[in-house]
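with the sequence up front, the predicted model follows.
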Amino acid sequence: MSSLLLQLTLNGLVAGSIYSLVASGFSLIYSTNRFMHFAHGVIVILAGYILFSFYSLIGFSFYYSVLSTLIYSSFIGFLINKTIYSPLQKKKTSSVILLIASISLLILFQNLIQLFFGAGVKDIDYIDIQKGLEFYEATITQLQIITIIISSILCVGLFIFMKKTSLGKEMRAVSNNKELADIVGINSSKVKDLSFFIGSFLAGLAGILISLEQNVSPSMGTNLIIKGFTGAVIGGISSVPASIFGSYIIGLVENLGIAFLPSGFKEAISFFLLFIFLLFRPEGLASLRRRVK
Amino acid sequence: MINVKNLSKSFGGIKALDNVTLNINEGKITAIIGPNGSGKTTLFNVISRIIKEDSGEVILNGKNLCKIKDYEASNEGLSRTFQDVKLFKNLTIKDHMNIVLRKDNEKIMKSLFGKKEDNTRIIQEILDVVGLEKDMKTIVSELSYGQRKLLDFAIALAKKHTIIMLDEPVAGINPALRTQMKKTLKNLRRKGETIALIEHDMNFVMGLADYVYVLDYGNIIAEGKPKKIQKNKKVLEAYLGGGNA
Amino acid sequence: MIFEYLIHILILVGIYTILALSLNLALGYSGLLNLAHVSLFGIGAYTSVLLNMQGFPFVLSIIASGIVSALFGFILVFSTKKLKGDYYALASLGFAFVVYSLLLNLISITRGPLGISGIPRPSIFSFVINDNFTYLIFVLLFLLITLILFSKVVRSPFGKLLEAMRDDELSLRILGKNTYRLKYKSMSISAFFAGLAGSLFAHYIGYIDPNMFYINEIILIISIVIVGGVASLRGSVVATVIIIFLSELLRFIHLPSSIVGPGRQIIYSIILLLILMKKPRGLFGRIDLE
């Protein structure tokens, strides 16, 4: 029984790692721009399909494909902001409209992909058969280990960037108090662009990792953004570290929950947690810490 | 009348109201003045139950408002206006007045199938009292700031009430309108209305208020008849020197 | 052949118009950005189908679908009544996800992803509405009732209260109105009609599954309401006609269904994005979405 729990915990950590890559970008963008960028999921979908196109269809080398995918992902996120969100924000539209616009973008891209590539799952043949490594009584594949490592490195890196570098501090200033940041002379538009670049880079990475693990399908972007969003809400949507924490919680709860509920309810657990948190603690668990202080 | 006893309210570390005790007496105009940030609007917000106090009591006509919600306090007889005028920007003047004049509008059946009272005459009367000279079919988004303030006042009057609380009724309004407002308030007092008034402008308050409370940093630093207050050193200090937090 | 197809489109237009009108009542007139409206549609559909296929007469089933949806609408308002703006919208989205999950996973009741097929046509006092033309009349009857009722509500003093609540809820409370109760009443009406629409839909199409009441449909319904214009009943009617006709046009050109499916969604989302960017008030809207 404990080996089952161990396995589920490992699975939970892997899932959490991917969700945290999505959630951290989403949270970064939310805290800097003050609206919910659901179209973040678009980057995840596109990343998977760009990797597929470059590597499996065209035949570029793997590392070239990955690099290109990351670069394209960052740019596409930046473009979405420039072409859709910025014009809307200039007109002083409410964040609710931005939310609806971002959901529309998500649906649009998901269906464009489905139109061009078909609804079926596509195979990215980089890693043939995953031989799991034995870890006590549970198995974990190399890819999964790499996923956890990459995610941890990036999350720590992001944290250091936000806390120590001057650019990171500027981002935090804008997210805390945009008006004050403007007065102090911080170029908030540059900072916002940066948030989209970095956030989309992370989303692209998440897309790559999950496509290697589970192959690509049009709906994966929507699924991941919902999970990432849930993790961010549970942790605390305006705080990147809290969002990462929340994502790991979602990953673990989802997978450990299977031990007690039929596996179909895996999704339902996340949705239910999301709803409960939005109802009772929309600021996330992070707000508890502040209260205790 | 309203009795406020030992009312305190803090936001984070800041004490907005510190053990405030005051009374709004019937048939009188009571003014609450003080520099910016002294807690005047917070006081109104607590009385009208938009915010809950940390400690202390608010008693309206003998009834303790402790457990009461904002809309219930309104139905107990509180009418108020806001400093930053909040109105329903897509509705007309007439719509606004009807919302408070019609009694059964919350009931769907009565509203759909019952007889719709025509309040045009009453509405025009009240608009005349406050001096709002605009067609009642005008949509509020088309009104000027001053006109919106007048409408806010008209609505507060039209609603069934035992006391009116006005939050800076003449802020940002031209002198002619101010004089008119002063006259209107005096008339209302003559008719027996109980009025509580937050104002910045000491001049407006002198010659109008029966009693004045002065707030500074959440504390009542002085109270009394206007003439006495004008000469009070502490009050002068608060207005002139006290703004350095 | 074309005539048959036209009848089919008009039936869909009728059903979706009822759905759009009910959402507009909640969103445009009461300020409740209810992204879970499609769930109420689905709950109505499933309620009606499950009852009817268990032997309950259609008339009871459709009324039940309205009532059960209204109940869920009540639950939605009850849980979210203290939330504002963004968070309300997101909580309603979360509600939609939860309902979707339930429909998907309570397999013993809903048959989950397999869906329920072979849904019978309505049978009212042993008269079965088998042919589509009669069904169209049936739907238009409901639409007429909906339009008349909603017009009355919107013009009534109650309707003005709802609009005031949309514009500034706190101010309305300060004027002594219990806005929670207003939300319950408004949402109940909105949900009831969404449920009715769900029943009409299910018994026409003959098949339902949880995916038909999920994110894709949310976008369609929101598009219609926004394109038509928030707080405009006329707008909802016109927008439904335009959007449904446009999307059905694809099928008319005999494109394969693998293209039609995503193609439709692409059309809806592009229309919605264009309207949001160029003319956020929509065709007939009088107000801005806050």
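Arrived safely.

drop to CA atoms for contacts and neighbour counts, all remaining ones
Fine.

only C-alpha atoms, please: export stretch C:50-67 in CSV.
Extracted C-alpha coordinates of stretch C:50-67, given in CSV (Å, rounded to 0.1, in the frame of the first residue of the first chain):
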residue,chain,number,x,y,z
LEU,C,50,-33.6,11.3,-17.6
LEU,C,51,-37.1,11.9,-16.3
ASN,C,52,-38.8,11.4,-19.6
MET,C,53,-36.9,8.2,-20.4
GLN,C,54,-37.9,6.9,-17.0
GLY,C,55,-41.5,7.2,-17.9
PHE,C,56,-42.5,10.7,-16.8
PRO,C,57,-44.7,12.6,-19.2
PHE,C,58,-42.9,15.2,-21.3
VAL,C,59,-44.9,18.1,-19.8
LEU,C,60,-43.7,17.2,-16.3
SER,C,61,-40.2,16.6,-17.6
ILE,C,62,-39.8,20.0,-19.2
ILE,C,63,-41.2,21.8,-16.2
ALA,C,64,-38.9,19.9,-14.0
SER,C,65,-35.9,20.8,-16.2
GLY,C,66,-36.7,24.5,-15.6
ILE,C,67,-37.1,24.0,-11.9
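
run the chain-centre distance for that stretch.
The chain centre lies 18 Å from the centre of stretch C:50-67; the measure is Cα atoms, centre = their mean, to the nearest Å.

by mean pLDDT, flag the weakest helix or strand of chain A.
Counting by mean pLDDT, DSSP states H and E, chain A has its least confident helix or strand at helix A:286-292, which shows a mean of 60.

relative to chain C, how far out is A:Tyr72?
A:Tyr72 is 22 Å from chain C, where distance means Cα to the nearest Cα, to the nearest Å.

OK, contacts around that residue?
Counting by Cα atoms under 8 Å, 6 or more residues apart in numbering or on different chains, A:Tyr72 touches A:Ala47.

report the secondary structure element holding it.
In the assignment (DSSP states H and E), A:Tyr72 maps to helix A:62-80.

and that helix, what's buried?
Residues of helix A:62-80 classed as buried: A:65-66, A:68-80 (neighbour count, 16 or more other Cα atoms under 10 Å in any protein chain shown).

kindly report the same for stretch B:5-20.
Buried residues in stretch B:5-20, counted by 16+ other Cα under 10 Å: B:Lys5, B:Leu7, B:Ser8, B:Lys9, B:Lys15, B:Ala16, B:Leu17, B:Asp18, B:Asn19, B:Val20.

who's the fifth one bridged to?
The one in question is B:Lys15. Here B:Lys15 sits in beta bridges with B:Ser10, going by DSSP bridges.

these two touch, right, it and B:Asp216?
No: shown here, B:Lys15 and B:Asp216 do not form a contact pair, counting by Cα atoms under 8 Å, at 10.9 Å.

residues near the residue in chain B that chain C sits nearest to, how many?
Distances between chain B and chain C by Cα to the nearest Cα are smallest at B:Tyr71, namely 4.1 Å. When counting by other Cα atoms under 10 Å in any protein chain shown, one arrives at 22 neighbours for B:Tyr71.

that one - nearest residue in space that isn't next to it in sequence?
The spatial neighbour of B:Tyr71 that comes closest, neighbours along the chain excluded (Cα to Cα, 6 or more residues apart in numbering or on different chains), is C:Gly176 at 4.1 Å.

who are the contact partners of that neighbour?
Shown in contact with C:Gly176 (Cα under 8 Å, 6+ apart): B:Asp70, B:Tyr71, B:Glu72, B:Ala73, B:Ser74, B:Asn75.

can I get those in a markdown table including pLDDT, distance to B:Gln83 and secondary structure?
Formatted as a markdown table, these follow (pLDDT from 0 to 100; distance: Cα to Cα, whole Å; DSSP: H, G, I helix; E, B strand; the rest coil):
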| residue | pLDDT | distance to B:Gln83 | secondary structure |
| --- | --- | --- | --- |
| B:Asp70 | 91 | 17 | helix |
| B:Tyr71 | 93 | 19 | helix |
| B:Glu72 | 93 | 21 | helix |
| B:Ala73 | 92 | 19 | helix |
| B:Ser74 | 93 | 17 | helix |
| B:Asn75 | 92 | 21 | helix |
